Structure formats: structure tokens, C-alpha cells
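Undergrad: structural data only, the sequence is not supplied:
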């Protein structure tokens, strides 16, 4: 478990005045593992070396930006404290960015696979649509042929009915003719 020090305890341990530590917190808190409870700051024991390194860099005559750059180049992680409703969480920016990059790479691979799958499905759908269009053409053509044959059969049937009707009418006329009419065929 981490040991947390107050500013005064850190000042006693490092020999750095508490006002200077407050200035370091103000300017370089992103390089320190710390938490804030109400108005008090608590710095993790693991940040003692960072506080001493910051003091050395200022002693060398560096300004705030140069100190930040040097700390970053030395690999000292940047931390961000996120305040939740009930607690504060410190996040190591270097680790968070590495994890974020890994997650983005995984998401990119997933997106590429998803895109390939979608393209394959689109091709499959195009083939199915083409097959359905051909099938629809075949059905339409077959129905058209059937309809033409049906119309021809109906015409032939009508023609046959007319001939039968004409023949029946002729027979009826002959039946209605009298004996003399049949004999002399007028």
C-alpha cells in the first residue's frame, strides 16, 4: 500500500521548504503521484525522487518548461488526477496512452475485418439480386408464353363453338323446312 505524506512531512524528508514544494505542486503536479483531500495535499512516497530531481533541475538554472521537458525525457510518468464524486484517481499518462494506442490498434483491426465482412456480404447480395432478376425474367417469360398459348386455345375454342353453333343452326333450319322444301331445295 502506498504511503502518503503531507507537504510538511515531505519537506522534512527531502529538506525542501514547504513553500517550494507547494510551488512544485502548482507547476509540476502532473509528474507527482498525489491526491487532494479537502484543502490538503498528500504526496505519495514514490514521488520523493521526482521532487528531488525537480529541485536539482531548478538548481541547474532551468525554467518551468525545461524542467517539464527534462522530466518527460527522463521517463518520469505524467499523472492526471481525476476527481470522482467520492474519490480521486491518479492516472499515469504514459501507461494510459500506451493502452489507448493498443485499444485503437485493436479497434482498427476490428474495423478492417468488419469492412471486409460487409464488402463480402455486399458482393453476395449483388449475386443474389442478379440471380433473383434472372429468375424473375424466366418467370415473366414463362407466364407470357403460357398466356399466349391460353389465348390461342381460347380463340380456337371460340372458333370451334362458332362452327358448332353454325352447324347446329343449319341443322335446325333443315329440320324446320317442310317436306316440299327438302324435296325441292330452294
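TA: It's in. In this text, all values refer to a predicted model and were calculated from it rather than measured experimentally.

Undergrad: residue 57: neighbour count?
TA: Counted with other Cβ atoms under 10 Å, residues neighbouring residue 57 total 20. In short, each C-beta sits where N, CA and C put it, glycine included.

Undergrad: and what of the one 10 residues further on?
TA: By other Cβ under 10 Å, 21 other residues sit near residue 67.

Undergrad: cool, and residue 56?
TA: Quick note: residue 56 (other Cβ under 10 Å) scores 11 neighbours.

Undergrad: measure the residue nearest the centre of the chain to residue 103 for me?
TA: With distances taken as Cα atoms, centre = their mean, the residue of the chain nearest its centroid is residue 111 (7.4 Å). Taking Cβ to Cβ, to the nearest Å as the measure, residue 111 falls 12 Å from residue 103.

Undergrad: now residue 120
TA: Distance, residue 120 to residue 103, by Cβ to Cβ: 26 Å.

Undergrad: any weak-confidence spans in this protein?
TA: Under the criterion pLDDT under 70, the flagged ranges of the chain are 1, 80-94, 174-186.

Undergrad: swap the cut-off to 50 and go again
TA: Low-confidence segments of the chain, defined by pLDDT under 50: none present.

Undergrad: show me where the protein has its strands.
TA: Secondary structure of the chain, counting by DSSP state E: strands at 4-6, 34-37, 40-44, 79-83, 88-92.

Undergrad: got the phi and psi for residue 78?
TA: Backbone torsions of residue 78, given as degrees, to the nearest 10, read phi -90, psi 130.

Undergrad: run a quick neighbour tally on it.
TA: 19.

Undergrad: same deal with residue 148?
TA: Counted with other Cβ under 10 Å, residue 148 comes out at 10.

Undergrad: for residue 13, give me its contacts.
TA: Residue 13 makes contacts with 5, 48, as judged by Cβ atoms under 8 Å, 6 or more residues apart in numbering.

Undergrad: and the one 5 residues further on, by the same measure?
TA: Counting by Cβ under 8 Å, 6+ apart, residue 18 touches 7-8, 10-11.

Undergrad: now the buried members of those residues.
TA: 7, 10-11 (16 or more other Cβ atoms under 10 Å).

Undergrad: okay, these in a markdown table with distance to residue 138 next?
TA: A markdown table is the format used below for the buried ones among the contacts of residue 18 (distance: Cβ to Cβ, whole Å):
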| residue | distance to residue 138 |
| --- | --- |
| 7 | 87 |
| 10 | 87 |
| 11 | 92 |
